[in-house]
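A.B. asks: Here is my input; please provide its structure:
(2 chains)
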Number of protein chains: 2
Amino acid sequence: MLEEMGKAARAASYQLATLSAPQKNAVLLTIAGLLEAESGAILAANELDLADARQNNMGAALLDRLTLTPERLKAIADDVRQVCSLADPVGQLIDGGQLNSGLRIERRRVPLGVVGVIYEARPNVTVDVATLCLKTGNAAILRGGKETFRTNSATVRVIQQALQQHSLPTAAVQAIENPDRELVNQLLKLDRYVDMLIPRGGAGLHKLCREQSTIPVITGGIGVCHLFVDESMDIDAALEVIVNAKKQRPSACNSLETLLVHQAIAPRFLPAFSARMAQENIPLHAEAQLLPQLKSGPASVVELADGDLDDEWLTLDLNVCLVDNLDHAVAHIRQHGTQHSDGILTRSIENAQRFVSQVDSAAVYVNASTRFTDGGQFGLGAEVAVSTQKLHARGPMGLEALTTWKWIAWGDDSLRA
Amino acid sequence: MLEEMGKAARAASYQLATLSAPQKNAVLLTIAGLLEAESGAILAANELDLADARQNNMGAALLDRLTLTPERLKAIADDVRQVCSLADPVGQLIDGGQLNSGLRIERRRVPLGVVGVIYEARPNVTVDVATLCLKTGNAAILRGGKETFRTNSATVRVIQQALQQHSLPTAAVQAIENPDRELVNQLLKLDRYVDMLIPRGGAGLHKLCREQSTIPVITGGIGVCHLFVDESMDIDAALEVIVNAKKQRPSACNSLETLLVHQAIAPRFLPAFSARMAQENIPLHAEAQLLPQLKSGPASVVELADGDLDDEWLTLDLNVCLVDNLDHAVAHIRQHGTQHSDGILTRSIENAQRFVSQVDSAAVYVNASTRFTDGGQFGLGAEVAVSTQKLHARGPMGLEALTTWKWIAWGDDSLRA
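C.D. replies: Numbering: from 1, shown residues only, chains lettered A, B, ... in the order given. Reported below is the predicted structural model:
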């Protein structure tokens, strides 16, 4: 079955690759319109998924993430319309020139071909990924979380209806509509037909893909993010940035997990920090030596346990460590970080520059919240994923990350000498 | 042992990443000088490898590939000097701007970190890869063919001597000096320390890496390349390009394997083609229907066997197929090609454009030999490998392919709203 899906997706991708930007935008507008016009079918499917989820005692936060409403569906449709306004990277001339042999070469952006995406129980991702792939002329094979299978199926049906209205093959967007995990394993081996695989989920899914996939994988989305409070920093300003990085959306991968405090500023910083954390209800996990200085603070201050520094909390919890100096801070980030987003809070231009040059993360910040690492914030207009690997794409992935290039060479019956 | 090598390479990579272009070029010049000054040790090691190879009855072509001479070593040293003259991509500003939040972001090129390369019995690759990695601030872990272990070890010793002279860690360039294949399997799992893996070898090695590696792999170098003779083509000009693409260096991945002939030009084309192939001593493998029209040609004309269209000959052999039209030619290339280098020979601008837009290969040619697909020919100044995958790099890989980027954001105690 997967073999057939792959073959059909590949065939569809050839057709998508030749569409012009206006043709692709027309399809997107039809999708947006149908998402509203056919909202009844999608919401009914979502209601069935929700009923199952309630029966399986799904938690309130997950249930909310799973829930579609007419308003949310409208917002999703509006996001699709917004994608129309983005520039199409396909066809862009990257570089080129005339060789000594007379050959004129050009490097042009083209679609990747077929993109596979494995994701969790977020029904909006289905539309998101499908439209970003179509916008860039790629076919998509989607495998959503089993909790949203009916919602996803109904949504893909609507997208395929739009494709048909434009005489395009429905195989341009396909969903794996069987929750059998064996099909995921099959998808991972479909390198003959799938050009790129994007897992959007937890560390386990990323590990599975890295170990089992024969398709190039983009991994990311796991963020153990750090802020380092340098000795020269202004304490009040530091606290504002720390609270923003931690509290603005704790469940996001770019939120703060560990605060590193320069030992020279600690005696002045820690009392103010402790008081502010109490005010913000942020539970702390600190090195033993710091506990006495923090005990008067938040209700929960406990000693760091094994592994705390290497995992995302995804909650309001925050780790605190003392470091001797900038080198020590950099070494800590190299050891415990996930090369996602890390920053320095400092008033020293020299330290800022050293930190930026030495910390090897997708996004490195000077005096800013780590929460900015995001395709929308970075002006990419869309976000396919946040890559923490170094090949192909690093950091927020926009439309460009869904393309590759082709070298095109025009000769005059040219021979290599 | 590999774990230790990986850890040391990672530590060295942090130091390499902070070197300026002049500092890196100084190391390269020392390497070039030492390759000449210490040529005795390298040639002696090579002599031992050659003695073993002769004892194992290695073929003449492979023996020649394995052989170093003072002249060849001098040429390798000169290649290193030439790399100094290339622009350093590290530090290059790709793009950037100021966000609405006031945050100033920039996307800067940085080294990948640690690059692993697995290659065959070509002693020049050791110096090639090591110097291209150093030029771009990357550490390298090399695993050469077992036939050249002593040559490679002696060469790496010289490179490490140069590193020491510049107070750089020798772990910046390490070779796996044990021919045990189990170490290759260990290298493939070293994703914690190695950022990119480049296999330079046959299809088997590429398959092993794709299936077993947990490190992102760049695959490529396998080329089943096609030329399609369109009905509008000038026959004499077509023959010149075909001979160049096939004969100029048959063992190269960008040499011609299969000729597709439009049925409308076949009656005029095949007699001239047959005569020319006879003259050039090119053995043909043709569809049964074409055999009568080719029998008067070269000494060897046989019917195509199963699989002939899907493998590289790497010899003077050439496949010939008749196609009904351009669409048929494109379909053939999609089915049998390796997305390396494919071209059309035509006098029709419309057909040229259709071919270019529909053939999804790293390099697509109009009226030119496929032999141009090469970093040197394409003006990249160097060639790390030729990628036939679509992620990160496609086609000839120059210095840029050994880099990634880092998003650097300068704020003013900036908070996400």
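
A.B. asks: For the stretch 251-400 of chain A, what lies in contact range of chain B?
C.D. replies: With Cβ under 8 Å from any Cβ of the partner chain as the criterion, the stretch 251-400 of chain A comes near chain B at residues A:334, A:345, A:352, A:356-358, A:360-369, A:371-373, A:377-379, A:389-392, A:394-396. Where you see a C-beta, it was placed from the backbone N, CA and C, and this is true even at glycine.

A.B. asks: Of those residues, which count as buried by neighbour count?
C.D. replies: Neighbour counting with 16 or more other Cβ atoms under 10 Å in any protein chain shown marks A:334, A:345, A:352, A:356-358, A:360-369, A:371-373, A:377-378, A:389-392, A:394-396 as buried within these.

A.B. asks: what's in contact with the helix or strand containing residue A:151?
C.D. replies: With elements delineated by DSSP states H and E, residue A:151 resides in helix A:149-165, which encompasses its position. Contacts made with helix A:149-165 from outside it, assessed by Cβ atoms under 8 Å, 6 or more residues apart in numbering or on different chains, are listed as A:27, A:30-31, A:34-35, A:38, A:41-42, A:44-46, A:48-49, A:66, A:68, A:123, A:126-127, A:130, A:142, A:144, A:169-170, A:172-175, A:177, A:179.

A.B. asks: What subset of those is buried?
C.D. replies: A:27, A:30-31, A:34-35, A:38, A:42, A:45-46, A:49, A:66, A:68, A:123, A:126-127, A:130, A:142, A:144, A:169-170, A:172-175.

A.B. asks: near chain B, anything from the lengthiest strand in chain A?
C.D. replies: With secondary structure taken from DSSP state E, chain A has its longest strand at strand A:403-414. Yes - with Cβ under 8 Å from any Cβ as the criterion, chain B is reached by strand A:403-414 at A:404, A:405, A:406, A:407, A:408, A:409, A:410, A:411, A:412, A:413, A:414.

A.B. asks: Would you state the helices of chain A in chain order?
C.D. replies: Counting by DSSP state H, the segments of chain A that form helices are A:2-16, A:21-37, A:39-55, A:60-66, A:70-84, A:123-135, A:149-165, A:181-188, A:203-212, A:235-247, A:266-280, A:291-294, A:326-336, A:349-358.

A.B. asks: Just send those back as CSV, with distance to residue B:136 and mean pLDDT too.
C.D. replies: Compiled in CSV, the helices of chain A are given as follows (distance: least, Cβ to Cβ, whole Å; pLDDT from 0 to 100):
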stretch, distance to residue B:136, mean pLDDT
helix A:2-16, 33, 97
helix A:21-37, 35, 98
helix A:39-55, 49, 96
helix A:60-66, 42, 88
helix A:70-84, 35, 95
helix A:123-135, 31, 93
helix A:149-165, 42, 96
helix A:181-188, 31, 94
helix A:203-212, 24, 90
helix A:235-247, 33, 98
helix A:266-280, 39, 95
helix A:291-294, 44, 91
helix A:326-336, 20, 98
helix A:349-358, 16, 97
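
A.B. asks: how about those, which one is nearest residue B:228?
C.D. replies: Among these, the nearest to residue B:228 by Cβ to Cβ is helix A:2-16 (16.6 Å).

A.B. asks: quick check: angle from that closest one to helix B:349-358?
C.D. replies: Helix A:2-16 and helix B:349-358 meet at an angle of 140 degrees, taking axes from the mean of the first three to the mean of the last three Cα atoms, to 10 degrees as the criterion.

A.B. asks: list the helices and strands helix A:2-16 packs on?
C.D. replies: Contact here means 3 or more Cβ pairs under 8 Å, 6 or more residues apart in numbering or on different chains; DSSP states H and E; on that basis helix A:2-16 packs against strand A:114-119, strand A:139-143, strand A:173-175, helix A:181-188.

A.B. asks: any chance of the ones you listed in TSV, plus distance to chain B?
C.D. replies: Rendered in TSV, the data for the helices and strands packed on helix A:2-16 read as follows (distance: least, Cβ to the nearest Cβ, whole Å):
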stretch	distance to chain B
strand A:114-119	10
strand A:139-143	12
strand A:173-175	19
helix A:181-188	11
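
A.B. asks: now the ones you listed as JSON lines including distance to residue A:244?
C.D. replies: Converted to JSON lines, these look like this (distance: least, Cβ to Cβ, whole Å):
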{"stretch": "strand A:114-119", "distance to residue A:244": "27"}
{"stretch": "strand A:139-143", "distance to residue A:244": "34"}
{"stretch": "strand A:173-175", "distance to residue A:244": "37"}
{"stretch": "helix A:181-188", "distance to residue A:244": "37"}
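
A.B. asks: nearest to residue B:22, of the ones you listed?
C.D. replies: Taking Cβ to Cβ as the measure, the helices and strands packed on helix A:2-16 were each checked against residue B:22, and strand A:114-119 came out nearest at 42.0 Å.

A.B. asks: got a list of contacts for the closest one?
C.D. replies: Strand A:114-119 is contacted by residues A:6, A:9-10, A:13, A:125, A:129, A:133, A:138-145, A:184, A:187, A:190, A:193-201, A:205, A:209, A:215, A:402 when judged by Cβ under 8 Å, 6+ apart.

A.B. asks: same thing but at 7 Å, please
C.D. replies: Contacts to strand A:114-119, defined as Cβ atoms under 7 Å, 6 or more residues apart in numbering or on different chains, come from residues A:9-10, A:13, A:125, A:129, A:133, A:138-145, A:184, A:187, A:193-201, A:205, A:215, A:402.

A.B. asks: Same check on stretch A:42-60?
C.D. replies: Residues outside stretch A:42-60 that contact it (Cβ under 7 Å, 6+ apart) are A:63, A:66-68, A:70, A:73, A:123, A:147-148, A:150-151, A:153-155, A:158.

A.B. asks: quick one: which of those is nearest to residue A:313?
C.D. replies: residue A:63 (21.5 Å).

A.B. asks: got the contact list for the closest one?
C.D. replies: Residues near residue A:63 by Cβ under 7 Å, 6+ apart: A:50, A:53.

A.B. asks: List the buried residues for the helix holding residue A:151?
C.D. replies: By neighbour count on 16+ other Cβ under 10 Å, the buried set for helix A:149-165 is A:149-160, A:162-163.

A.B. asks: how about the strands in the stretch 251-400 of chain A?
C.D. replies: Applying DSSP state E, counting those that start in this stretch to the stretch 251-400 of chain A gives strands spanning A:256-262, A:284-286, A:301-303, A:318-323, A:341-345, A:363-368, A:385-387, A:395-397.

A.B. asks: how close does residue A:295 sit to residue A:110?
C.D. replies: Shown here: residue A:295 relative to residue A:110, a distance of 60 Å by Cβ to Cβ, to the nearest Å.

A.B. asks: which one of those two has more residues nearby?
C.D. replies: The residue with more neighbours, out of residue A:295 and residue A:110 and counting by other Cβ atoms under 10 Å in any protein chain shown, is residue A:110; that gives 24 against 12.

A.B. asks: so the more buried one touches residue A:406, yeah?
C.D. replies: Yes - under the contact definition of Cβ atoms under 7 Å, residue A:110 touches residue A:406, with a separation of 4.8 Å.

A.B. asks: beta partners for residue A:106?
C.D. replies: When bridges are taken as DSSP bridges, the partners of residue A:106 come out as residue A:96, residue A:408.

A.B. asks: so what's it up against?
C.D. replies: With contact taken as Cβ under 7 Å, 6+ apart, residue A:106 is in contact with A:93, A:96, A:408.

A.B. asks: Need the worst-confidence member of those.
C.D. replies: Of all the contacts of residue A:106, the one the model is least sure of by pLDDT is residue A:96, with 93.

A.B. asks: In contact with that residue: list those residues for me.
C.D. replies: Contact partners of residue A:96, counting by Cβ under 7 Å, 6+ apart, are A:105, A:106, A:107.

A.B. asks: For residue A:87, see how far away it is.
C.D. replies: According to Cβ to Cβ, residue A:96 and residue A:87 sit 19 Å apart.

A.B. asks: Noted, bye for now.
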